[in-house]
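Asker: the amino acid sequence is not available; the structure is as follows:
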């Protein structure tokens, strides 16, 4: 009983499998064949064209950039580098050399002029010193030795010494007058004191503490002479 049922199920499953396989194959055939044809006839040529277009554009851009770079390099070279090089070689270097030579010569001339000015100033200084010595120092010395020194001695002998002696005499007279005045004032004060207070008691002479002649000096109450003549 089970065997026929199993055979039927197997046949059914086979039939279902054939149907599914046919359906899937048909679907794949329906989808794959047009997709393959579309890929071969449309996508692949379009992709190759796009790649070629991109590569061409990149090549064009690269070529234009290279050409522009070369043009810019030429422009910079011929508009900046070459004129600067020409100006450096033709103008600046000769002018610098000329200025160096001129500066060296000017420095040497200034050095010579400085040395000459030093010698001239030294000579002028010596000349002015000699003129000062001739016109001022020597006449001043002569006037001092010949005129001022004798006149000074004469003034000292005739005027200053008598004036000093007179001043000393006046000083002595003033001192004597002041001494007399002080003595007079002291006597007047003493007289006034005696008139008002009376005569001051005269101090009594105390016992003489001096040893008499012939007595030897003793120690304490001892009469033993310490020394003998």
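Answerer: Sure, I can see it. Keep in mind that this is a model prediction, so the values were computed, not measured.

Asker: just the element for residue 171, please.
Answerer: helix 161-197 (DSSP states H and E).

Asker: buried set for stretch 159-178?
Answerer: By neighbour count with 16 or more other Cβ atoms under 10 Å, stretch 159-178 contains no buried residues. (Glycine included, C-beta is placed from N, CA and C.)

Asker: what's the mean pLDDT across the longest helix anywhere in the chain?
Answerer: Longest helix in the chain by number of residues (criterion: DSSP state H): helix 93-132. Average pLDDT, helix 93-132: 86.

Asker: show me how far it is from its chain's centre.
Answerer: 33 Å (Cα atoms, centre = their mean, to the nearest Å).

Asker: show me what secondary structure element comes after it.
Answerer: helix 138-143.

Asker: if I look at residue 98, how far off is residue 158?
Answerer: The gap separating residue 98 from residue 158 is 83 Å, by Cβ to Cβ, to the nearest Å.

Asker: returning to what we had before: measure how far the helix holding residue 171 is from the centre of its chain, please.
Answerer: With Cα atoms, centre = their mean, you get 75 Å for helix 161-197.

Asker: again with stretch 74-94
Answerer: That offset, for stretch 74-94, works out to 44 Å (Cα atoms, centre = their mean).

Asker: endpoint to endpoint, that stretch covers what distance?
Answerer: 28 Å (Cα to Cα, to the nearest Å).

Asker: now stretch 149-168
Answerer: So stretch 149-168: terminal residues 26 Å apart, Cα to Cα.

Asker: now it: mean pLDDT?
Answerer: For stretch 149-168, mean pLDDT is 82.

Asker: from here on, call the first residue 2.
Answerer: Yes, from this point I'll number from 2; that puts the last item at stretch 150-169.

Asker: contacting residues around that stretch?
Answerer: Outside stretch 150-169, no residue is within contact range by Cβ atoms under 8 Å, 6 or more residues apart in numbering.

Asker: next structured bit after the strand or helix carrying residue 52?
Answerer: Assignment of secondary structure by DSSP H and E places residue 52 within helix 45-77. Next in sequence after helix 45-77, counting helices and strands by DSSP H and E, comes helix 83-88.

Asker: other SSEs contacting that next one?
Answerer: For helix 83-88, there is no helix or strand it packs on, judged by 3 or more Cβ pairs under 8 Å, 6 or more residues apart in numbering; DSSP states H and E.

Asker: give me the mean pLDDT for it.
Answerer: pLDDT averaged over helix 83-88 gives 86.

Asker: what lies in contact with that helix?
Answerer: With Cβ under 8 Å, 6+ apart, helix 83-88 has no contacts at all.

Asker: change it to 10 Å
Answerer: 77-78, 93-94 (Cβ atoms under 10 Å, 6 or more residues apart in numbering).

Asker: farthest pair within those residues?
Answerer: 77 and 94 (22.4 Å; Cβ to Cβ).

Asker: thinking again about what came up before, and the helix holding residue 52, average pLDDT?
Answerer: The model assigns helix 45-77 a mean pLDDT of 87.

Asker: now do residue 82 against residue 169, distance only.
Answerer: From residue 82 over to residue 169 (counting by Cβ to Cβ), the distance is 108 Å.

Asker: cool, residue 140 as well?
Answerer: The value you get for residue 140 to residue 169, if Cβ to Cβ is used, is 39 Å.

Asker: now swap in residue 157 and tell me
Answerer: Applying Cβ to Cβ to residue 157 and residue 169 gives a distance of 16 Å.
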